[in-house]
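>>> Need a 3D model of the following:
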Amino acid sequence: MNPAANVPGSPPPEPAAAGTGPVDAPAAPARCANCGAILQGDFCHRCGQSVHNPIRHARHAIEELFESLWHLDGRVFRTLRDLLVPARVACGYLAGHRARYIAPLRLFVVLSVLTFFIGQMTVDFGNDAIQIDGADESIATAGTVAEVERRRDAALARLARARESVGPVPVVASSMQAAQDAVREQAAARIAELQSNSDPIPAATEPATAERAAADAPKLRFGRGEPWDAQRNPVALRWLPAAANGWLNHKIERALTNAPRLEYDEDLRRQVVLGSVPTALFVLMPVFALLLKLAYLGSGRLYLEHLVVALYSHAALLLALLGIFLLVGLEQAVVPHAPGSARLFGWLEAALWWAMPVYLLIMQKRIYAQSWGVTVLKYGALGSVYVMLVAFAAVMAGFAGLAKL
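Purely as a prediction, here's the structure:
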């Protein structure tokens, strides 16, 4: 033992001679491999890079992975826990408690990806509900008008019972209504087909085929109200060069060609709907922050502070939407084995839907600290304008998505 090693101010002990130390211990580098600064520990004081190279040492790579995950998880759990209380995360972040929470933009992006990824797996935009159990009861295979009407009425009755058992859930109610409308349309199409052909008709294939959908392609009105046409009535913006206008008309043609596929392609419907909403929210986020800035001009808050409020409020909405998607997936797995649980799932989903506007109202009241009357008035105006903007942006994003196919 070297007594001088414990004397304050004494020089550090000499390194052990070669072969006297641990055999597996590699020599620590004297300078940072990233910025060249002289190292004084396991991390560079200038850039923060670790002295250990995870590429050369698997043990350090595994340690670094788990350390990063645990560090991130701690912040995630704290942020998500406090996000359940309206305005707590936003007020804390604006007050300077930034190290406690995940940054608002990062949280919004992570929740957007996770929420709509789960939505892609759980939400069903198909018309499975209009099919009756048993191939002999399918409307598409009915051979007479009377048979079509009988099967149509049976399908509508079953949908009505299913709708009543679920309860007043907005999403389910709209889906059930769409399914009932689809049953009526399918029955009407089959009756017209039977009446136009007196010969026995073989079992029909899918009611909406690609060829039939192409014939029913939507017509885009442009200019003087005439249908859009790439040659006779194209979109021609004067401030764009000819090449750009040609590209724009090509994309319009692609979108109009692909639009009829939404009628029979369930995967495309899911892709367009669940892909357009996050795009619309991300694009309109600065707009919503600007609306908050205009609505609260006398609050003394900067635009970036309003942007933080907008990001955290949307993160809360995404968290609630994620809960709804998870409930939908759980419902699909449980209800077939326990039909009585359908009403419970319906009420839970409805509670999350109604919790979102209430949460945003309380959040707006706590952050800007105005009277309830003024808050409700501004909340209603902002909400109305923003919902219309999101709907328009989602339609445009969906149209752009169709143009990429």
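>>> Please make it C-alpha for all contacts and neighbour counts, starting now.
Will do.
>>> ok, Phe399 touching Arg254?
No. The criterion here is C-alpha atoms under 8 Å, and Phe399 misses it with Arg254 at 9.5 Å.
>>> And for Gly143, the neighbour number?
18 (other C-alpha atoms under 10 Å).
>>> hang on, it is in a helix, isn't it?
No. Using DSSP: H, G, I helix; E, B strand; the rest coil, the secondary structure at Gly143 is coil, not a helix.
>>> ok, it to Ala381 distance?
55 Å (C-alpha to C-alpha, to the nearest Å).
>>> Just the buried positions in stretch 187-195, please.
Ala187, Ala188, Arg190, Ile191, Leu194 (16 or more other C-alpha atoms under 10 Å).
>>> pLDDT added to these, as a markdown table?
Formatted as a markdown table, the buried residues of stretch 187-195 follow (pLDDT from 0 to 100):
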| residue | pLDDT |
| --- | --- |
| Ala187 | 81 |
| Ala188 | 83 |
| Arg190 | 78 |
| Ile191 | 82 |
| Leu194 | 79 |
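>>> Under the pLDDT cut-off, which ranges of the stretch 1-150 of the chain? List them.
1-28, 52-74, 124-138 (pLDDT under 70).
>>> if you set the cut-off to 80 instead, what comes out?
Where the stretch 1-150 of the chain drops to pLDDT under 80, the residues are 1-29, 41-42, 48-74, 123-143, 145, 148.
>>> ranges for the helices of it?
58-83, 88-94, 104-122, 145-166 (DSSP state H, counting those that start in this stretch).
>>> now do the stretch 251-400 of the chain
266-295, 303-334, 342-368, 372-404.
>>> Among those helices, show the one with the smallest mean pLDDT.
Of all the helices of the stretch 251-400 of the chain, helix 266-295 carries the lowest average pLDDT, namely a mean of 87.
>>> what helices or strands is that one leaning on?
helix 104-122, helix 303-334, helix 372-404 (3 or more C-alpha pairs under 8 Å, 6 or more residues apart in numbering; DSSP states H and E).
>>> Point out the most buried one among the ones you listed.
Burial of those is given as mean neighbour count (mean count of other C-alpha atoms under 10 Å); helix 303-334 ranks first at a mean of 20.
>>> That one packs against which elements?
Helix 303-334 is packed against helix 88-94, helix 104-122, helix 266-295, helix 342-368, with contacts defined by 3+ C-alpha pairs under 8 Å, 6+ apart.
>>> Tabulate the ones you listed (CSV), appending distance to Ala315.
Shown next, in CSV, are the helices and strands packed on helix 303-334 (distance: least, C-alpha to C-alpha, whole Å):
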stretch, distance to Ala315
helix 88-94, 11
helix 104-122, 5
helix 266-295, 11
helix 342-368, 11
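>>> just so I know, which of the ones you listed lies nearest Glu149?
Glu149 sits nearest to helix 266-295 of all the helices and strands packed on helix 303-334, at 26.0 Å, using C-alpha to C-alpha.
>>> residues touching the nearest residue to Leu304 once chain neighbours are set aside, list them.
In space, Leu304 comes closest to Ala289 once its chain neighbours are excluded; the distance is 7.9 Å by C-alpha to C-alpha, 6 or more residues apart in numbering. Counting by C-alpha atoms under 8 Å, 6 or more residues apart in numbering, Ala289 makes contact with Tyr303, Leu304, His306, Leu307, Val309, Ala310.
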